[in-house]
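*Asks:* need a 3D model of the sequence below.
(one chain, ligands or ions: 2)
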Amino acid sequence: MHVAIIGAGQLARMMALEGWRMGLSFSFLANPGESSICVEGLGSVVELQEGMAAEELYKALGEPDVLTVEREHVDTELMASLEPYCKICPNPKAVAVSQHRGREKSFVNSLGIPTAEFELADSADALKTAVENIGLPVIVKTCGEGYDGKGQWKIDDADEFERLLPSIDCSKELIVEKVVSFEKEVSVISVRSVSGETAVYPITENEHSEGILVASIAPANLQCKVLSAKAKEAATKILESLDYVGVLSIEFFVVGDELLVNELAPRVHNSGHWTQAGDVCSQFENHIRAICDMKLGFTVPKTNVAMVNLLGIAVTPDLLTAANMQLHSYNKQPKPKRKVGHLNLWSDNRAELEAQVAELSKA
Ligand code: ATP
Ligand code: MG
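*Replies:* Numbers count the residues shown, from 1 in each chain. Ligands and ions are numbered 1, 2, ... in the order given. From the prediction side, this is the model:
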């Protein structure tokens, strides 16, 4: 089978590395000027050209059996135009839902799953009204684009709002969200196959710094058993109602025994990189299995597993400082704060693992 991936970054790399092992071949669709260093040697890279016809693109990609994505900001019309030629997973409609924070939250709420309270705005006046209605403190975000905390303004009080207002581009669609005072940020990696089989990995606990994921640990240390059941139920509902195929990642805030959805990512996710360890089928392999209609693999680790991101440093073998550790490099040039690789580590001893993660994150 031949799989084409929209995107040529580290997520595409890790999907292809798993797929190669299972005898699949790959091609990648890169944006004009996008670096494809991450997928070097893993398949042909096609650069997207304006006005390329669907059939031409399909042929350029090597007539794939299935097309998938490594990112959410893709041209969903272009995806849909390839539907007569090959399977498209996840479906373009599901991707479109996740591309707009307003659409995404309304959809999630429509399934009876809670989110932060929110209102949309598309002008300075509408923004003032929305902030008033939601009540400070709030976070204003652009509805489209935005990643790693970019395009967001946290507003604590009226003075700050006045000060920040000129820097907010009100010509773009905005969402005003109530600030959730959460106990933890967690995520769930879920997957559904062409045949409708679903699987959900245990809740992962995530630590961010300046909007960037620093470390994850799974299973999350949660007092409340109810949360696991709620996470599984929410993921399954979302997967099924979107007729979703592939890995879907869901970020949640934990508030008491409630899980509020923060956002959906229609793809494999940084907070799921730990699944490459811990004796489970990795999110990358399960994504490939799902879209190629294979049986899904195990998702429940036998021990505690963690991941620490390598940001902006040279990825060298001397980073492997312990036996319970895996090194993953994305083949990228380091740049400040750029995700260039990660370490996965595991231990039956939770406290020791947490100490190891804390030390690595600090370094
Ligand atoms: P990424 O792509 O890295 O996930 P993003 O740019 O898509 O980030 P969000 O996940 O929406 O943005 O927000 C980034 C971070 O800001 C969250 O992980 C959380 O720490 C904080 N945050 C976002 N929304 C809220 C909220 N309503 N209440 C409290 N904190 C929030
Ligand atoms: Mg996020």
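*Asks:* for ligand 1, what are the nearby residues on the stretch 201-350 of the chain?
*Replies:* Residues of the stretch 201-350 of the chain lying close to ligand 1 (C-beta under 6 Å from any ligand atom) are 208, 211, 251, 262, 263. Backbone N, C-alpha and C define where each C-beta goes, glycine included.
*Asks:* most neighbours of all these, which one?
*Replies:* Most neighbours among those, by other C-beta atoms under 10 Å: residue 262, with 21 neighbours.
*Asks:* where is pLDDT lowest across the residues of the stretch 201-350 of the chain next to ligand 1?
*Replies:* Sorting those by confidence puts residue 211 at the bottom, with a pLDDT of 82.
*Asks:* list phi and psi for that one.
*Replies:* Backbone geometry at residue 211, expressed as degrees, to the nearest 10, gives phi 80, psi 0.
*Asks:* where are the low-confidence patches of this protein?
*Replies:* 147-149 (pLDDT under 70).
*Asks:* next one: the residue positioned nearest the centre of it from residue 78, what distance?
*Replies:* Nearest residue to the geometric centre of the chain (C-alpha atoms, centre = their mean): residue 269, 3.5 Å. Here the criterion is C-beta to C-beta, to the nearest Å. By it, residue 269 lies 23 Å from residue 78.
*Asks:* the strands in the stretch 51-200 of the chain, which residues?
*Replies:* In the stretch 51-200 of the chain, the segments counted as strands under DSSP state E, counting those that start in this stretch are 66-69, 87-88, 118-121, 138-142, 152-155, 174-178, 184-192, 198-200.
*Asks:* what about the first one, distance to the chain center?
*Replies:* For strand 66-69, the distance between its averaged C-alpha position and the chain's averaged C-alpha position is 16 Å (C-alpha atoms, centre = their mean, to the nearest Å).
*Asks:* contact partners for residue 90?
*Replies:* Contacts of residue 90 were listed using C-beta atoms under 8 Å, 6 or more residues apart in numbering, and they are 68, 69, 242, 244, 245, 246, 248, 266.
*Asks:* farthest-apart pair in the residues you listed, please.
*Replies:* Across those, no pair lies farther apart than 68 and 242, at 14.8 Å, counting by C-beta to C-beta.
*Asks:* so between those two, which is more surrounded?
*Replies:* Of the pair residue 68 and residue 242, residue 68 is the one with more neighbours under other C-beta under 10 Å, namely 28 against 21.
*Asks:* test my guess that that one contacts residue 292.
*Replies:* No. Using C-beta atoms under 8 Å, residue 68 makes no contact with residue 292, being 9.8 Å away.
*Asks:* contacts only, for the closest residue to residue 237 other than its chain neighbours.
*Replies:* Nearest residue to residue 237 in three dimensions, chain neighbours excluded: residue 111, at 5.0 Å (C-beta to C-beta, 6 or more residues apart in numbering). Counting by C-beta under 8 Å, 6+ apart, residue 111 makes contact with 234, 237, 238, 241.
*Asks:* for ChimeraX, what selects the buried ones among those?
*Replies:* Per 16 or more other C-beta atoms under 10 Å, the buried members of these correspond to this ChimeraX selection:
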select :234,238
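*Asks:* now render the contacts of residue 111 as JSON lines, adding distance to ligand 2 and secondary structure.
*Replies:* Below are these laid out as JSON lines (distance: C-beta to the ion, whole Å; DSSP: H, G, I helix; E, B strand; the rest coil):
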{"residue": "234", "distance to ligand 2": "16", "secondary structure": "helix"}
{"residue": "237", "distance to ligand 2": "20", "secondary structure": "helix"}
{"residue": "238", "distance to ligand 2": "16", "secondary structure": "helix"}
{"residue": "241", "distance to ligand 2": "21", "secondary structure": "helix"}
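*Asks:* need the max-distance pair from the contacts of residue 111.
*Replies:* 234 and 241 (10.9 Å).
*Asks:* relative to residue 19, how far out is the residue nearest to residue 65 when sequence neighbours are not counted?
*Replies:* The shortest distance from residue 65 to any non-neighbouring residue, by C-beta to C-beta, 6+ apart, is to residue 1 (4.8 Å). To residue 19, residue 1 is 9 Å away according to C-beta to C-beta.
*Asks:* need the residues touching each of those two.
*Replies:* With C-beta under 8 Å, 6+ apart as the test, residue 1 and residue 19 both reach residue 25.
*Asks:* so between the two, which is more surrounded?
*Replies:* Remark: of residue 1 and residue 19, residue 19 carries more neighbours, 25 against 16, as counted by other C-beta under 10 Å.
*Asks:* from the chain's centroid, how far away is stretch 292-304?
*Replies:* With C-alpha atoms, centre = their mean, you get 18 Å for stretch 292-304.
*Asks:* ok, now stretch 253-267?
*Replies:* Stretch 253-267 sits 13 Å away from the centroid of its parent chain (C-alpha atoms, centre = their mean).
*Asks:* show me where the chain has its helices.
*Replies:* Assigned by DSSP state H, the chain shows helices spanning 10-21, 54-60, 76-81, 92-98, 101-110, 124-134, 158-164, 226-241, 283-291, 350-362.
*Asks:* out of these, which one sits most buried?
*Replies:* Of all those, helix 283-291 carries the top mean neighbour count, a mean of 27, counting by mean count of other C-beta atoms under 10 Å.
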